[in-house]
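Peer 1: Here is a sequence with its predicted model. Questions after.
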Amino acid sequence: MKVLNSILDGIGNTALIRLNKLSAQTGCEILGKAEFMNPGGSVKDRAALGMMQAAVANSRLVPGGTIVEGTAGNTGIGLALVGAAMGFRSIIVMPDNQSRGKIDTLRAHGAEIRLVPPVPYKNPGHFVHTSMRIAAAMNEENPGSAFWPNQFENLDNRLFHEETTGAEIWLQTDGKVDGFVCSVGTGGTLGGVSRALKARNPDICIGLADPGGSALHNYYANGELKLEGTSISEGIGNSRVTANLAGSPIDISWQIPDSEAIPMLYRLIRDEGLVLGGSSGINVAGAVRLAEKLGPGHTVVTILCDSATRYTERLFNVKYLASKGLRLPEWIAQ
């Protein structure tokens, strides 16, 4: 067995898992990149490592410094984990409507948590703007003491996915991937993977699976940023095109309603033994749509972002789901 030099070497090189029942249903190979297998439990470990490695290399993150970031959860966990392994402390600013599981996990990784009310990005009180002000104030008092990753606009996020996630998918499928689809938060995953795959084969179809409450589907479908619907999924969707997403070669987009994505999660539990978070339900539903568009005989890859164990108070809460017009299947509810 190979010995890792540190936990950082355990980030990436995740498995591709065949989703058997959905593959049989569509006649395609539907494969999920198991990003929940990263040490911090999500795809955001990659963004954290990429941004911090670049920051250290460029002296934007110096010994004794503090990472200050605004994040809806998983990037914060990745930053706290990577930061601890590299000798840095972390301050995470996040909306106070995030799941208790994410907040507790962040604290367990040693991060200091500062909760703010959820407001639109244009509001100065948005968690991203708040984190920027905290970092700026720390640097004003003690220059160089704080690093603000700015995950939404930091292209080291996208570049790391291009160099690792996208390249891994190409190698793992022996270059026989026909389509890739996932949802967007910062845009780093879709932005990086789409570039990596299109550079190797321009005919690969790239899709966006967008949750309700996001403006991106309408932007790619109709050229207008327009918020539509709502979703119980956390950490994905956006009201703007970030630097990481800008210019990405996206061929098609869908808005995936919770009424489609959440039952998909329960189906994955029963059919595949995969217990995944809401963004993975959006992603897999998008992969099924892309497979149906391409037709039988194609290979479609998506991202299995994180585990449902971080969202149990939503995904398995009968009263909460009922308030959103959703319900648990009988085999779980019993």
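Peer 2: Sure, I can see it.

Peer 1: all contacts plus neighbour counts: C-alpha atoms, from now on.
Peer 2: Fine.

Peer 1: Let me see the contact set for the closest residue to residue 241 other than its chain neighbours.
Peer 2: What sits nearest to residue 241 in space, not counting adjacent residues and going by CA to CA, 6 or more residues apart in numbering, is residue 216, at 7.5 Å. Counting by CA atoms under 8 Å, 6 or more residues apart in numbering, residue 216 touches 210, 225-227, 237-241.

Peer 1: Closest one of these to residue 62?
Peer 2: residue 241 (30.4 Å; CA to CA).

Peer 1: That closest one falls within a helix, correct?
Peer 2: No - applying DSSP: H, G, I helix; E, B strand; the rest coil, one finds residue 241 to be coil, outside a helix.

Peer 1: So that it lines up with my notes, have the first residue be 48 from now on.
Peer 2: Renumbered: residue one is now 48, and that last one reads residue 288.

Peer 1: still on that earlier bit, filter the contacts of residue 263 down to the buried ones, PyMOL style.
Peer 2: With 16 or more other CA atoms under 10 Å as the burial test, the buried ones among the contacts of residue 263 are selected in PyMOL as follows:
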select buried, resi 257+272+274+284+285+286+287+288
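
Peer 1: Put together JSON lines for the contacts of residue 263, with distance to residue 249 and pLDDT on each row.
Peer 2: Below are these laid out as JSON lines (distance: CA to CA, whole Å; pLDDT from 0 to 100):
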{"residue": "257", "distance to residue 249": "23", "pLDDT": "98"}
{"residue": "272", "distance to residue 249": "26", "pLDDT": "96"}
{"residue": "273", "distance to residue 249": "29", "pLDDT": "94"}
{"residue": "274", "distance to residue 249": "30", "pLDDT": "91"}
{"residue": "284", "distance to residue 249": "26", "pLDDT": "94"}
{"residue": "285", "distance to residue 249": "26", "pLDDT": "92"}
{"residue": "286", "distance to residue 249": "28", "pLDDT": "90"}
{"residue": "287", "distance to residue 249": "26", "pLDDT": "92"}
{"residue": "288", "distance to residue 249": "22", "pLDDT": "96"}
